[in-house]
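Visitor: Structural data only, the sequence is not supplied:
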């Protein structure tokens, strides 16, 4: 009887009767219970923090927004697993080459059945076998030639080739019978015509014959080699005789009888002549390395000191050679040309040489030294002339060629080289003051002063001693004082000034800050003298207001040494202010004042040649000089055109300065003499005419400089009006010509300036645009119009740009993740290597420690045994 409830018993009875299906047991319920349990377990292990939820700004019920929920941890894990399968495998296999590739037909083709695959493989195998059988010589087929089998030929012993090449005259060639019989008649047995008695040679005989021939040829080669070696040895022994024949001139064969000898061609004679010429060519010599500036300075200093020691020994009579053989100490080396002649050939050579051979060498070298001495003198003269020319060119390039001789009033001749002056010392102390410098050069000619300065600079080069820097700075101050000294009245020496300026220029470049202080100090002193003279009275005859020759030379030297085109310069700016004060504040009392003012105007022209800054004082003084010197129809100051300040026009002091027309009828313009005009009070009409010509040239040069200014018309129109009112019709033709050319030039420049000038205009405003009512779309104004441009092409381009941007960002993100993953893998591998290395080291250390412990135990046992044996 079935156990269970009545319902279960009823269901079982119906099943047994075949009325219903088998009753279901409780497995289904148990299954559903297990599913719920699995869900519960999964929910239990699920971390709610792994789900990232983005809060929506406008949440609408029932709407699913893509990307609002995400599982970054799962995505990260999936990415790591994917990279382990792909990227890591590629990294691991990137240096591996080879592998088994399945190339069986149809193996990777799922559309082919097994029978088709087997049939295709069988077909390919038969094709491969039939292709190889075409060249198989081991088969049943036999190759024949002229009906004879080629397989019967075991070797080519007797094919008609001559074995003994010495017996045949045509060595290495085949005759016609052999070619006809063997090449095209078949390789095989001998012809019927051959002698049947000749037997066939065996392989052993053929090989023995080949060995014999090989030995014979080897012996012949050795014989030829020995003969060539003996011939080469003979040529080496006879080389001296051949060389004497090549290099020695042949007295029997000359150019005149070469043509008469038929056996000697002219080409060979030319070759022999060239060979003889090459024998006498000078061979190249190794050159010394380029010396540094410090080494050259030290060498020059040692040369000067050695020459001074020898000079003192000659003066004291200690030199054994006497005073007649002085040429040995002079050298024409170009490296010492700048520090004067009279330097020794070697540096610090001995006093006197007792050896007779050395004395003979010195006597033989006298003639050469004389030539070198002459060259040195010429070179020194060129250096000094070049220094003078350079100073004059620099001054003339800035102020014009017509003012060159104003700076050097004396037409001095070119500096003659001092020659070999044995009384000129080679070493000098560096002067601390101008008085010491005057003591040094007290008995020295002016032409030797530049050599003295150069030798002082050489002996006190900054690289030779730390104190030399201060000494050379003091030398700069001394040279500035010396320039004022030599250019002072009554006898200014401008030639010496030109030769000193290059040294002062070099010192100022080496020490610009200290040198600028020296020049500013002199300028301050000149300004104080100007204030002192103005305080006494500008019109007082005894008041020193205008600069003299020394001050003018210093101002001109400043323009040569320092850069005058800078906007602000520590030396040029005070000099410009001082010269402007001279021209603007000083009054004209004599022709000397006009000369000084015109020279200051020429210095201004030198200063402003590059910068082209306007200097109204120079133009005012130039036109005032014209008014004072030239006769005109102007009666008083009020009748002067323009606004030029001219307080001394027709004054009692300036009235005698006007040119006398009667005395100047036949006079013409010349270059003014600065020395005479600044120092002499007796003037002539020629001096006044020269200064007038200088004023004309200054106005001409200033007009060229200022023609590009906006105020050129207002600046030079009064000048032109004054020039037109000059009464110079009774002067010479040259004066009238220069005045008319200046007027024409100014008229032309003013015309061009008026044509180039444009009137002022009101400011040009932007035109007011016409209002438009076409809607203007702002694609970036709002989010919903971001890619809704009415222009289809522009909209598509915007979408493409956005897509490219997103793809680029995604690619960069993936590359960064790949790099991070690879870094983690490499770190893991390195950690594994470090762990394995540490395990090996620990194992090795443990073994060593164990062995060491065993060794110590054995040592202890041995010690115990020794102690025991000792007690017994």
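Guide: It's in. Please read all numbers here as calculations on a predicted model, not as lab measurements.
Visitor: and residue 503, how many neighbours?
Guide: Number of residues near residue 503 (other C-beta atoms under 10 Å) recorded here: 19. In short, each C-beta sits where N, CA and C put it, glycine included.
Visitor: Which element, helix or strand, includes the closest residue to it other than its chain neighbours?
Guide: Nearest residue to residue 503, sequence neighbours excluded (C-beta to C-beta, 6 or more residues apart in numbering): residue 453, at 4.8 Å. Element membership of residue 453, judged by DSSP states H and E, is helix 449-459.
Visitor: Kindly provide the whole-number mean pLDDT of that helix.
Guide: For helix 449-459, mean pLDDT rounds to 89.
Visitor: Which elements pack onto that helix?
Guide: Here helix 449-459 touches helix 293-316, helix 366-399, helix 468-486, helix 494-510, going by 3 or more C-beta pairs under 8 Å, 6 or more residues apart in numbering; DSSP states H and E.
Visitor: And those helices, which one averages the lowest pLDDT?
Guide: Lowest mean pLDDT of those: helix 366-399, a mean of 37.
Visitor: hang on, residue 569 packs against residue 561?
Guide: No. Residue 569 is not in contact with residue 561 according to C-beta atoms under 8 Å; the separation is 11.4 Å.
Visitor: okay, these two: which has more neighbours?
Guide: Remark: of residue 569 and residue 561, residue 561 carries more neighbours, 23 against 17, as counted by other C-beta under 10 Å.
Visitor: can you tell me which residues contact that one?
Guide: Residue 561 is in contact with 501, 504, 505, 508, counting by C-beta atoms under 8 Å, 6 or more residues apart in numbering.
Visitor: how does it look with 6 Å?
Guide: 505, 508 (C-beta atoms under 6 Å, 6 or more residues apart in numbering).
Visitor: could you check the distance from it over to residue 504?
Guide: 7 Å (C-beta to C-beta, to the nearest Å).
Visitor: And residue 606, how close does it get to residue 700?
Guide: 15 Å.
Visitor: of the two, who's got more company?
Guide: Legend: neighbour count by other C-beta under 10 Å for residue 606 and residue 700, higher for residue 606 (23 against 18).
Visitor: Is it correct that that one is in contact with residue 559?
Guide: Yes. With contacts counted by C-beta atoms under 6 Å, residue 606 reaches residue 559, the gap being 4.9 Å.
Visitor: Tell me, what's the model's pLDDT at the residue nearest to residue 54 when sequence neighbours are not counted?
Guide: Among residues not flanking residue 54 along the chain, residue 68 sits closest, at 5.0 Å (C-beta to C-beta, 6+ apart). The model reports residue 68 with a pLDDT of 83.
Visitor: With residue 227 instead?
Guide: 92.
Visitor: Now the terminal residues of stretch 556-566, how far apart.
Guide: Distance between the two ends of stretch 556-566: 17 Å, counting by C-alpha to C-alpha, to the nearest Å.
Visitor: for that stretch, what is the average pLDDT?
Guide: Stretch 556-566 comes out at a mean pLDDT of 91.
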